[in-house]
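> Sequence first, then the predicted structure:
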Amino acid sequence: MTTWELDVRRGWYVGLGLVALLVLLAAGLATLAVLNPISILTFFLGLGVLGALAGAGVLIYWLWSLVHAFYTLDRNALVIHWGEYESQLSLAAVRSVFPGSELEGARLRGVVRWPGYCVGWGNAPATGPLRFYAAAPLAQQIILCTEDMAYAISPADSEGFLAALQERRQMGITQEIAAQTQHPAFMDWEIWRDRLALVLLGSSGLLSMLLAGLLCWRYPSLPPEIALRTSHTGEVLLLANSSRIFYLAFLSALFTVLNGGGGLFFYHRERLVSYLLWAGLWVLQVSLWIAVLMRLLER
């Protein structure tokens, strides 16, 4: 078995640049949110910060996969290693091999690309479904076609790889190898198929986010002081600065993290505990919404 590395330098440097840009964008948006008075703009700037940081996190994961990418080749199979992904195809199933420069009409809508990075699903008239695991432009890639689909790869030593591939195909296989694909373990978590869990978590998170948006929207029109606690007769028991109404948004976010994370921790151990935590979180979010609406309507 031989291992074939990729030239990942260009993709790595460009990817790091994109991560840096997203982090700078998040910092800039956060600065604007702090310097400007609280308003609905603050909420959208906050969403922008979260989106930029989430994008940077995804890019970092992709870059980690890129630097852990390589191909292995023996008489029976080619195995593509891309981070936690692994695709194995039998050399007996390979019908044709040709350079990417000869591929015409390729559709790359499902492919994540930047200079030095090309991963995802595409399609071409000559190949049908096409899976990209490459760190070079299409013209420098190698296309391997089977009856069901094709693979696009980019070993750094493409000439050496093609010579080794031809030699092994001529030698013939010693055993039948089935095509296999492995993906990250988290994609098989049972929670992705648990509708109740997804509804409780998703709706609670959405309520928490929208509560923050509502408070940012209404805050400029609030008086300097508002009643945070009243008696059953309507008498004001606690009068405080209007900014303290954001404590409710803080509580909402805090319990979203605590109950949400706690439920995930217990999910594979005591699922009932998880459901109770998430149901309690949902009830809490609704209660906070009621409390906020009452404070806003009473002013």
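Happy to help now that I have it. Since we're looking at a predicted model, the values are computed, not measured.
> buried sites along stretch 268-285?
Residues 274-275, 277-278, 281-282, 284-285 are the ones in stretch 268-285 that count as buried (16 or more other CB atoms under 10 Å). Where C-beta positions appear, they are placed from N, C-alpha and C, glycine not excepted.
> Distance from the chain centre to that stretch, please.
Centroid separation for stretch 268-285 versus its chain: 24 Å, with CA atoms, centre = their mean, to the nearest Å.
> Give me the mean pLDDT for that stretch.
Looking at stretch 268-285 alone, the average pLDDT works out to 94.
> same deal with stretch 225-245?
64.
> Do me a favour and get the end-to-end distance for that stretch?
Across stretch 225-245, the terminal residues are separated by 10 Å (CA to CA, to the nearest Å).
> Out of the buried residues of stretch 268-285, name the ones that lie in helices.
The helices, defined by DSSP state H, take in 274-275, 277-278, 281-282, 284-285 from the buried residues of stretch 268-285.
> In CSV, list the buried residues of stretch 268-285 along with distance to Tyr151.
What follows is those, written out as CSV (distance: CB to CB, whole Å):
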residue, distance to Tyr151
Ser274, 40
Tyr275, 43
Leu277, 44
Trp278, 41
Leu281, 44
Trp282, 45
Leu284, 49
Gln285, 46
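> For Asn36, state which of these is nearest.
In terms of CB to CB, no member of these lies closer to Asn36 than Gln285, at 27.3 Å.
> residue contacts, that closest one?
203-204, 207-208, 211, 252, 256 (CB atoms under 8 Å, 6 or more residues apart in numbering).
> Which SSE is immediately downstream of the helix or strand hosting Val49?
According to DSSP states H and E, Val49 maps onto helix 40-67. Using DSSP H and E, the helix or strand that follows helix 40-67 in sequence is strand 69-73.
> Tell me how far that next one lies from the chain's centre.
25 Å.
> same for that strand, what does it pack against?
strand 2-5, strand 77-82, helix 158-171 (3 or more CB pairs under 8 Å, 6 or more residues apart in numbering; DSSP states H and E).
> For the first one, list every residue counted as buried.
Along strand 2-5, these residues count as buried under the neighbour rule (16+ other CB under 10 Å): Trp4.
> so what strands line up beside it?
Strand 2-5 sits in its sheet next to strand 69-73 (antiparallel), going by DSSP bridges.
> Let me see the residues that make contact with the partner strand.
Taking CB under 8 Å, 6+ apart as the rule, strand 69-73 contacts 1-6, 8, 78-83, 133, 135, 153, 155, 161, 164-165, 168.
> try it again with 6 Å
With contact meaning CB atoms under 6 Å, 6 or more residues apart in numbering, strand 69-73 is reached by 1-6, 79-82, 155.
> Enumerate every residue touching Gly205.
Thr256 are the contacts of Gly205 under CB under 6 Å, 6+ apart.
> Flag the least confident of the contacts of strand 69-73.
pLDDT is lowest at Met1 among the contacts of strand 69-73; the value there is 80.
> before we move on, the earlier item: export the contacts of strand 69-73 to JSON lines and tack on distance to Trp189?
Converted to JSON lines, the contacts of strand 69-73 look like this (distance: CB to CB, whole Å):
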{"residue": "Met1", "distance to Trp189": "32"}
{"residue": "Thr2", "distance to Trp189": "35"}
{"residue": "Thr3", "distance to Trp189": "31"}
{"residue": "Trp4", "distance to Trp189": "32"}
{"residue": "Glu5", "distance to Trp189": "32"}
{"residue": "Leu6", "distance to Trp189": "30"}
{"residue": "Val79", "distance to Trp189": "25"}
{"residue": "Ile80", "distance to Trp189": "24"}
{"residue": "His81", "distance to Trp189": "22"}
{"residue": "Trp82", "distance to Trp189": "20"}
{"residue": "Pro155", "distance to Trp189": "33"}
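> Pick the one among these closest to Ile177.
Among these, and counting by CB to CB, the member closest to Ile177 is Val79, at 9.4 Å.
> Bridged to that closest one, which residues?
Note on Val79: beta-bridge partners Thr72, Gln88, judged by DSSP bridges.
> What about it, how many residues nearby?
19 (other CB atoms under 10 Å).
> My read is that it contacts Ser90, right?
No. With contact defined as CB atoms under 6 Å, Val79 does not reach Ser90; the gap is 10.5 Å.
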